[in-house]
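[1] Can you look at this prediction? I've put the sequence above it.
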Amino acid sequence: MQASDVSEASNWLLASGIAIARPTGLLALHAAFIRAQITGVARGSVAMGLAFPMIPVLHRKVLETDPGLSTLMLLTFKEAVIGSALGLLLGAPLWALDVAGDVMDAQRGATQGRLNDPGGFEDVSITGTLLIMTGIVVFVVSGGLETLTDLLYDSWEIWPPLESAPSLDARAPLLLLSLLDRLTQQGLLMALPAVVIMLLTDTALMLTARIAPNLRIEDLALSARNIAFFIFMPLYALFLLAYIRRDMATLPHLFELLNVGAGSEHPQR
C-alpha cells in the first residue's frame, strides 16, 4: 500500500470521526433513544447513517484546511457537545412528560412503586414511564424522526463542523437560556390538572369527615386519590399527547430564529 493511499484513508477516517460526533451526542441524550433503549450497535448505525451525507463535505474541507491533530480533537469534542445540547433540546417535550409523571405519582402517593429501568435509569416513576413511552410512539408515528434529521442538518448549516463559532442572531443566547426553564415549567403545568383533581378529592374527603366524624379518612385518602387519578387520566392523556405533539412542531421555528441574519451557506446534503 502506497503512502498516498494511507493518507487518503486517514483523511476519510478523520472526516467520518468529526461527522459522527454530533449525531452520536444527539442520540445519546434524546429521550426517544434513551428510554426506548436503542443502544450499542443500533445507535451507532443510526448515527453513522445520519452523518454519512456530511462525510464527503468534511473530507474536502479537511484536505483544504489541513488542521492539526489537536485542532481536530477539539473540533470533535465541540461536535459532541453540540450534539448533546441538541439531544436535550429536541427531547425536551418528552422529558417534560417524565417530569409530569413524577409530580403526579408524588401527589397520589405512588413513590414506593417506582421502577428500575434497565436502560440506565435506576429509579423512574410508573406514570412518567407510561407517558414518555406513549409520547415516543406519537413522536415516531407523527414523523418526529424525519423532523429530527432535518433539524440535525439545519444545525450543521447554522454551526458548520469545522468552524469554531457560529453565525447567530443576537437573540440566540436569550432563546437558548430560556429553554433551561422550559422543561420544568412544562412538566409542572402538564401535571397541574391531575394534581388539582387529587386535591379536590382530598377536600371532598375532609368535608365528608366533618359530616361523619367516625370515618377514618386517612385510610381512604390514598385509595380515593388513585381512583380519581385513573378515572381522569385516560381523558387527560389525549389532550396531553396532542399538546406535546404541537410543542414538537414548534422546534423547527426555534432554529429559524437562531439562524436569523446568519450568512452561512447551506452544506451539501
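    Nice, thanks for sending it over. Owing to the predicted nature of the structure, the values given are computational and were not obtained by experimental measurement.

[2] need the strands for this protein, in chain order.
    Remark: strands of the chain are absent; assignment by DSSP state E.

[3] Tell me how many other residues crowd Val41.
    The tally of other residues near Val41 (other Cβ atoms under 10 Å) stands at 7. For glycine as for every other residue, the C-beta is placed from the backbone atoms N, C-alpha and C.

[4] Please point out which parts of stretch 86-101 sit buried.
    Burial within stretch 86-101, assessed by neighbour count using 16 or more other Cβ atoms under 10 Å, is assigned to 86-101.

[5] in the protein, which residue is closest to the centre?
    The C-alpha lying nearest the average C-alpha coordinate of the chain belongs to Gly91 (Cα atoms, centre = their mean; 1.4 Å).

[6] before we move on, back to that, quick one: which of the buried residues of stretch 86-101 sit in helices?
    The helices, defined by DSSP state H, take in 86-90, 92-101 from those.

[7] Identify, from those, the entry nearest to Leu145.
    Closest approach between these and Leu145, by Cβ to Cβ: Leu90, at 10.9 Å.

[8] need the contact list for the closest one.
    Taking Cβ atoms under 8 Å, 6 or more residues apart in numbering, we find Leu90 in contact with 26, 30, 148, 151, 251.

[9] Turn those into TSV, columns for distance to Ala51 and neighbour count.
    As requested, the contacts of Leu90 are exported to TSV (distance: Cβ to Cβ, whole Å; neighbours: other Cβ atoms under 10 Å):
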residue	distance to Ala51	neighbour count
Leu26	10	28
His30	15	27
Leu148	14	24
Leu151	15	17
Leu251	21	16
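
[10] now the helices for the stretch 151-269 of the chain?
    For the stretch 151-269 of the chain, applying DSSP state H, counting those that start in this stretch gives helices covering 172-211, 217-249, 251-258.

[11] So which other helices or strands are in contact with the longest one?
    Translated: helix 172-211. Applying 3 or more Cβ pairs under 8 Å, 6 or more residues apart in numbering; DSSP states H and E, one finds that helix 172-211 contacts helix 92-107, helix 217-249, helix 251-258.

[12] Among the ones you listed, pick out the one with the most neighbours on average.
    Scoring these by mean neighbour count under mean count of other Cβ atoms under 10 Å gives helix 92-107 as the most buried, with a mean of 23.

[13] what angle separates that helix from helix 217-249?
    Helix 92-107 and helix 217-249 are oriented at 180 degrees to each other (axes from the mean of the first three to the mean of the last three Cα atoms, to 10 degrees).

[14] Distance of Leu148 relative to Ile132?
    Noted for Leu148: a distance of 16 Å to Ile132, by Cβ to Cβ, to the nearest Å.

[15] again with Leu97
    Noted for Leu97: a distance of 5 Å to Ile132, by Cβ to Cβ.

[16] Same question for Ile227.
    24 Å.

[17] Next: Glu163.
    As judged by Cβ to Cβ, Glu163 and Ile132 stand 35 Å apart.

[18] Over to Leu58?
    Leu58 is 34 Å from Ile132, by Cβ to Cβ.

[19] In terms of neighbours, single out the busier of those two.
    Between Leu58 and Ile132, Ile132 has the larger neighbour count (other Cβ under 10 Å), namely 28 against 24.

[20] which stretches of the stretch 101-250 of the chain have low pLDDT?
    Low-confidence segments of the stretch 101-250 of the chain, defined by pLDDT under 70: 110-123, 164-183, 248-250.

[21] mind running it again at 80?
    Applying pLDDT under 80 to the stretch 101-250 of the chain flags the ranges 107-125, 142-143, 158, 162-190, 209, 212-222, 237-250.

[22] That's all I had, so thanks and see you.
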